[in-house]
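Novice: Quick one, fold the following:
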Amino acid sequence: MSITVRAQLMDPDDERLLTTYIRYPDTRESAARKWDVARVRHEILAAVLSVYAWREAFPRLDIEIGLSPTFWIMSLDMSQQRALVTGQFKGHPALGHREGTAFYNAHRDEFDAGMAGCRVLDPSVRLPQPDDVTTQSIKEALTALGLDHSGISEEGFAAIGQYIRRPEHRYE
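Specialist: Modelled structure (predicted):
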């Protein structure tokens, strides 16, 4: 038995999309100062690579990652039993919809329709487990996935690696 993880994220190679996104988030000055295109790109790339790294730790994990040409305001997390819709920031309230309800079905269909418009990444690309990820393995995985990393500094690669290894991202 396996578990399938499907995710849609903004396309980190779409500069216009990332620029538009950083203008949209919370306009509180403290939040706005924390975000720039480089940080958004690093976090998206780290999220993508985290899925690949955790798949190494859990070989029965099947993955499908789609890179979207659009961004969204709400966050959707789904399982076979429930859909949770939240805002983008920690502490925002959530709405839960049980499997079989009209709202659950609508969110599932919305996700599937969105995935159809995504650039889907190759699930066979390999990356070491989170604790073993290095700058070199990050570069190799990004190249294999066809993701541009030419403008990322060594500090940027270090930030991506740190994000992948963060304790709060552990699924053990």
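Novice: Residue 57: neighbouring residues, count only.
Specialist: 15 (other C-beta atoms under 10 Å). C-beta coordinates here come from the backbone N, C-alpha and C atoms, glycine included.
Novice: wouldn't it be in contact with residue 130 here?
Specialist: Yes: counting by C-beta atoms under 8 Å, residue 130 is a contact partner of residue 57 at 7.0 Å.
Novice: Any buried residues in the biggest helix by length in the chain, and which?
Specialist: Determined from DSSP state H, the single longest helix within the chain is helix 37-57. Within helix 37-57, the residues that count as buried by 16 or more other C-beta atoms under 10 Å are 38, 40-55.
Novice: what about that helix, distance to the chain center?
Specialist: The chain centre lies 6 Å from the centre of helix 37-57; the measure is C-alpha atoms, centre = their mean, to the nearest Å.
Novice: can you list the residues that contact it?
Specialist: Residues outside helix 37-57 that contact it (C-beta atoms under 8 Å, 6 or more residues apart in numbering) are 5, 7, 9-10, 12, 15, 18-19, 21-22, 61, 63, 65, 67, 121, 125-130, 133, 138, 141-142, 145, 147, 149, 152, 156, 159-160, 163-164, 169, 171-172.
Novice: Return the subset of those lying in helices.
Specialist: 15, 18-19, 21-22, 138, 141-142, 145, 156, 159-160, 163-164.
Novice: Now restrict those to buried residues only.
Specialist: Looks like those have 18, 21, 138, 141-142, 145, 156, 159-160, 163-164 buried, using 16+ other C-beta under 10 Å.
Novice: Go through those and say which is closest to residue 85.
Specialist: For these, the minimum distance to residue 85 (C-beta to C-beta) is 18.8 Å, reached by residue 21.
Novice: from memory the closest one sits against residue 11, does it?
Specialist: No: using C-beta under 8 Å, residue 21 makes no contact with residue 11, being 10.6 Å away.
Novice: sorry, back to before: and the angle for the longest helix of the chain with helix 15-23?
Specialist: 100 degrees (axes from the mean of the first three to the mean of the last three C-alpha atoms, to 10 degrees).
Novice: pLDDT score for the residue most central in space within the chain?
Specialist: With the centre of the chain defined as its mean C-alpha position, the nearest residue by C-alpha atoms, centre = their mean is residue 47, 4.1 Å away. In this model, residue 47 is scored at 94, pLDDT.
Novice: can you check the one 10 residues further on too?
Specialist: We have a pLDDT of 90 for residue 57.
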